[in-house]
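[1] Have a look at this prediction, sequence included:
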Amino acid sequence: MGTKVGLVVALLSLACCLSNVTGQIYSASFYEMLGYYGKLVQEKPIDWNTTLGLLYAGQIQQPCYDQSVQIHEDMKAYKFYALTMLDSTGKLNPSSLFEGSWDDFGSFKGCTERVTDYPDRPEDIYPMYCVGTWAGIPPELKAGAQYFSQGLCIPNTCSDYDIGLLASTGLLGIKPMSSWTPFVVLCQREAVYETYTTGAWVAIAIIAIILAMLFICTLYEFIITISFSEERTKSIASSKVGRFFLSFSVYSNTKKVFDTYQPPGQLPALHGMRVISTLWIIYGHTDFFADNTLTTNRREKDEWFNQWWYFIRGSMDMSVDTFLLLSALLVSYLFMKQLKKNGGSFTFKDLVLHYLHRYWRLTPVYAFLMMIFACLMVYMGTGPVWANPYNLAMGNVGGCLTHFWTNLLYINNYFVGEQECFGWAWYLGVDMQLYIVAPGLLVLLYKKPKFGTAFIVFLLVGSMLATGVMYQLIVNVQKQPYYSYVYRNALARMGPYMVGLLLGYVLFKNGRKVPNTALTKGLMLLGWLIATVVAVVFVALPEYVGTPYSLHGSPAWRAVDRTMFSCAVAWVVFACGVGYGGIITEFLSWGGWVPLSRLTYTAYLVHPIIMHVYTMSLKTPLFYSATTWWFYFIAYSFMAFLCGFVASIMVEFPFFGLEKLIFPQRRGRGAGAVKAQTNATNEGHDNQALELGETGHVSGEKSEYMAATNNPYNIPGQANGYWAAVKEEERAANTDMDGEKFDSKM
């Protein structure tokens, strides 16, 4: 009774005080809400004996205790700053618990911004937002949840340890259940990010220098274009100084990105396959990042996994094997042409330039985006889970600060956990390692075809057997995570790469031609049927075969699934390449794919950063639905290619141009040796599987030549090599200022 009387008196006093101070008359419902909060404070189950015991034992800091008590008393006195802290704190409201809604983040903005606006806040009290998790939720009602997550608005004088102890006694926040115990407390200490680190300043300086270069070089191109005649402009642009400046020109590089010209004779279908595979990865990661984000309907989300179409997400990692296949295909096909031109000769110098070229093409933009991720991402947002050292992004950021060198050496796929940096770039490590061994295999295949073919098949079969053995011993027996120790292992990914090497050799030997006979048509149709069945089986079937006969848990299945799927994709490439792709070829060769294909590498590198920034900035849990996630996928895809375009213009394309000024031309790759013959086999300026496709320019000649265009990376993309005998006049409109065709890469 005394408590109720005190509450009424406090409300009447507050009403008089508010009217006098502000001159505003508040509604009856306003005082009703104040009464609700007052009752909530009065009924807080605080264990004062334990709280004082912790203080006297020195387990909690005196300033934290003093301010926590003062805030509690100010809540009872209806001070607005204190009530706002209470309002910003999450509470256990039994609603949708059966659906897995075991979380209440309160209000991050209310705690970090609104509280400081009230004049009744003591000058020495500053609010801090934390997220605490509680163990003890009923196992019968978990619905996929493990803990109850609660937002806490508390004084910033408390450490995470203090908060855990005082929350358990009920002094801080609103304890959900008396039997529950705090599990993890993570606080947003904004002061940590108020000033930039040395690494952040260095990153900002590098970005500023690049932007200045882009501005100066674009201005340079504009000036020489409007100030000189066309002939004089070409002369200036073809000089070393001119070529250097034009390498950084935003205008020239943008034209190169959006050039949709596709010479006749190209390898069809690759542009579309790269873009679609990249989109498949982005869709899979959209759902993967949802798995690492709190959702209000966990139970419903888990049920979506049983939908018939979920195999699209479940098998998204197969797209990586598509890139390995395409990378090996182009390395093999173009390498064979180089060997043929050089009479089978491949020297140590050729090998060094071969590796150096690849490293130069892949690394600059890779390092640039990794720098932004490691040094600047922590400053890109804020929220309940932002800068949480336990989340996926911040773990990777920490790994980059100590193990970035593993990425630059392309051995990062063997470093996991706290040593992992830019985790999704494990593919680059695998691809580079397989690329290193490719020249030896291809020289052997060229000089001794039967033995070389047998040896590559031996490696392919050995890779499948090794994958099955590793899965059984490491995953099934030792219970180690598949993703960390098998999924990222180059040996387990060798199968698709070997298939690509053999496919490139076949296309080289048959000149991409097959007999036009009835038997051939029948066999090609049969091949399409078999490839379709194989693709459907190895993509969709595992999602329909569950416990106790899970295919994903079978070493035999793991041994063959990626290689078999890559064989199905290889058939599509082969059939389209020899003219038996029909409407599939038309679709995958559509000119609209070309610009996007050039951006697939940078889109692949940047899209997880975008996802990290968004998901960590969320102030409330998400509601999961298939429709919502499709919209997220579309938005992520757009932003990935947009940011990929910016990264390409800033770093990737300029370094492509600089390469031609810095490094010597590789034998069999230069344009200067082009002879005037219609059936020339010169691959042009550059033609590596993971490289920029360009057509070499023969100054002053009007002869026909074979244009070899390719893309710099098959990592999700890049590297479409195509060859066409065309006259210089026919490509004049598609040449850049330094006289070299920047063809459809990726």
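    Nice, I can see it. Numbering: from 1, shown residues only.
[2] Who's the closest spatial neighbour of Y355, skipping the chain neighbours?
    Taking Cβ to Cβ, 6 or more residues apart in numbering as the measure, Y355 lies nearest to I436, with 7.0 Å between them; neighbours along the chain are not counted. C-beta: built from backbone N, CA, C; applies to glycine.
[3] The one you found and L351 touch, don't they?
    No: counting by Cβ atoms under 8 Å, L351 is not a contact partner of I436; they are 9.8 Å apart.
[4] Okay, and the residue nearest to Y355 sits in which element?
    Taking DSSP states H and E as the definition, I436 sits inside helix 426-447.
[5] who's in contact with the helix or strand that comes right after that helix?
    From helix 426-447 onward toward the C-terminus, using DSSP H and E, the following helix or strand is helix 449-470. Contacts made with helix 449-470 from outside it, assessed by Cβ atoms under 8 Å, 6 or more residues apart in numbering, are listed as 441-442, 444-446, 485-486, 489, 491-495, 498-499, 501-502, 505, 555-556, 558-560, 562-563.
[6] Provide a PyMOL selection command restricted to the buried entries of those residues.
    Here is the PyMOL command that selects the buried residues among the contacts of helix 449-470 (16 or more other Cβ atoms under 10 Å):
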select buried, resi 441+442+445+446+485+486+489+491+492+493+494+495+498+499+501+502+505+555+558+559+560+562+563
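[7] which stretches of the stretch 551-700 of the chain form strands?
    In the stretch 551-700 of the chain, strands defined by DSSP state E, counting those that start in this stretch lie at 694-695, listed in chain order.
[8] Just say helix, strand or coil for the residue lying closest to C567 once chain neighbours are set aside.
    The spatial neighbour of C567 that comes closest, neighbours along the chain excluded (Cβ to Cβ, 6+ apart), is V499 at 5.8 Å. Secondary structure assignment for V499 (DSSP: H, G, I helix; E, B strand; the rest coil): helix.
[9] which residues does V499 contact?
    Contacts were defined as Cβ under 8 Å, 6+ apart; by that measure V499 touches L325, A328, L460, T563, S566, C567, A570.
[10] Among the residues you listed, which ones are in helices?
    Here DSSP state H is the test, and these give L325, A328, L460, T563, S566, C567, A570 as lying in helices.
[11] Using CSV, please lay out those residues together with distance to V651.
    Rendered in CSV, the data for the ones in helices among the contacts of V499 read as follows (distance: Cβ to Cβ, whole Å):
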residue, distance to V651
L325, 27
A328, 26
L460, 36
T563, 35
S566, 31
C567, 36
A570, 32
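[12] Mind putting the residues you listed into JSON lines with pLDDT and distance to M380?
    Rendered in JSON lines, the data for those read as follows (pLDDT from 0 to 100; distance: Cβ to Cβ, whole Å):
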{"residue": "L325", "pLDDT": "96", "distance to M380": "35"}
{"residue": "A328", "pLDDT": "96", "distance to M380": "37"}
{"residue": "L460", "pLDDT": "95", "distance to M380": "43"}
{"residue": "T563", "pLDDT": "95", "distance to M380": "40"}
{"residue": "S566", "pLDDT": "95", "distance to M380": "37"}
{"residue": "C567", "pLDDT": "96", "distance to M380": "42"}
{"residue": "A570", "pLDDT": "96", "distance to M380": "41"}
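[13] State the distance from the residue nearest to C567 to Q62.
    68 Å (Cβ to Cβ, to the nearest Å).
[14] With L428 instead?
    Note on L428: its distance to Q62, by Cβ to Cβ, is 52 Å.
[15] Looking at these two, which one has more neighbours?
    The residue with the greater number of neighbours, taking L428 and Q62 and applying other Cβ atoms under 10 Å, is L428; the counts read 23 against 10.
[16] Wait, that one touches V365, no?
    No: applying Cβ under 8 Å as the test, L428 and V365 come out as separate, 11.4 Å apart.
[17] Can you list the buried residues in the helix holding I436?
    Buried positions in helix 426-447, judged by neighbour count with 16+ other Cβ under 10 Å: 426-435, 438-439, 441-443, 445-446.
[18] before we move on, the earlier item: ok, the ones in helices among the contacts of V499 vs R232, which is closest?
    Using Cβ to Cβ, A328 is the member of the ones in helices among the contacts of V499 that sits closest to R232, with 45.3 Å.
[19] what sits against the closest one?
    Contact criterion Cβ under 8 Å, 6+ apart gives L434, A438, P496, Y497, M498, V499, G500, L501, L503, G504, A689 as the residues in contact with A328.
[20] Can you report how many residues lie near the third one?
    Translated: P496. Taking other Cβ under 10 Å as the neighbour definition, P496 ends up with a count of 28.
[21] Quick check: it touching D321?
    Yes: in terms of Cβ under 8 Å, P496 counts as a neighbour of D321; the distance is 4.2 Å.
[22] by contact count, what packs against the one helix or strand F215 maps to?
    Assignment of secondary structure by DSSP H and E places F215 within helix 198-227. Contact here means 3 or more Cβ pairs under 8 Å, 6 or more residues apart in numbering; DSSP states H and E; on that basis helix 198-227 packs against helix 230-238, helix 240-247, helix 250-257, helix 348-375.
[23] Mind listing what's buried along the last one?
    I take that to be helix 348-375. Of the residues in helix 348-375, those scored as buried under the neighbour-count criterion (16+ other Cβ under 10 Å) are 350, 353-354, 357-358, 360-366, 368-375.
[24] Quick one: mean pLDDT for that helix?
    Regarding helix 348-375, the rounded mean pLDDT is 94.
[25] now do stretch 58-70
    With pLDDT averaged residue by residue, stretch 58-70 scores 92.
[26] now stretch 485-502
    In this model, stretch 485-502 has an average pLDDT of 94.
[27] Could you work out the end-to-end span of it for me?
    Stretch 485-502 stretches 27 Å from its first residue to its last (Cα to Cα, to the nearest Å).
[28] gap between it and the chain center?
    What separates the centre of stretch 485-502 from the centre of its chain is 21 Å, taken as Cα atoms, centre = their mean, to the nearest Å.
[29] Go ahead and list the helix or strand containing L330.
    Following DSSP H and E, one finds L330 within helix 318-341.
[30] in that helix, what counts as buried?
    Buried residues in helix 318-341, counted by 16+ other Cβ under 10 Å: 318-339, 341.
[31] which residues of the stretch 451-600 of the chain score low on pLDDT?
    Flagging of the stretch 451-600 of the chain using pLDDT under 70 yields the residue ranges 544-550.
[32] if we go to 80?
    For the stretch 451-600 of the chain, the stretches with pLDDT under 80 are 542-552.
[33] Distance check, the spatially most central residue of the chain against G170.
    Taking Cα atoms, centre = their mean as the criterion, P608 is the residue nearest the geometric centre of the chain, at 2.7 Å. Taking Cβ to Cβ as the criterion, P608 is separated from G170 by 40 Å.
[34] And T322, by the same measure?
    Using Cβ to Cβ, which is the criterion applied here, T322 is 56 Å from G170.
[35] just to revisit the earlier point, any common contacting residues for P496 and D321?
    With contacts taken as Cβ under 8 Å, 6+ apart, P496 and D321 have R562, F565, S566 as neighbours in common.
[36] Just give the nearest non-adjacent residue to the last one, would you?
    Using Cβ to Cβ, 6+ apart and skipping the chain neighbours, the partner closest in space to S566 is P496 (3.5 Å).
[37] those strands in the stretch 51-200 of the chain, which residues are they?
    In the stretch 51-200 of the chain, strands defined by DSSP E, counting those that start in this stretch lie at 103-104, 127-135, 148-155, 181-187, listed in chain order.
[38] which one of these lies closest to S68?
    Here strand 148-155 is closest among the strands of the stretch 51-200 of the chain (Cβ to Cβ), at 6.3 Å.
[39] first to last residue in stretch 97-117, what's the distance?
    Counting by Cα to Cα, you get 34 Å between the two ends of stretch 97-117.
[40] mind listing what's buried in that stretch?
    Of the residues in stretch 97-117, those buried by neighbour count under the rule 16+ other Cβ under 10 Å are 97, 99-108, 110-112, 114-115.
[41] Let's see which of these end up in helices.
    For the buried residues of stretch 97-117, membership in helices holds for F108, with DSSP H as the criterion.
[42] Among the buried residues of stretch 97-117, find me the one that's closest to Y261.
    Closest approach between the buried residues of stretch 97-117 and Y261, by Cβ to Cβ: F108, at 50.2 Å.
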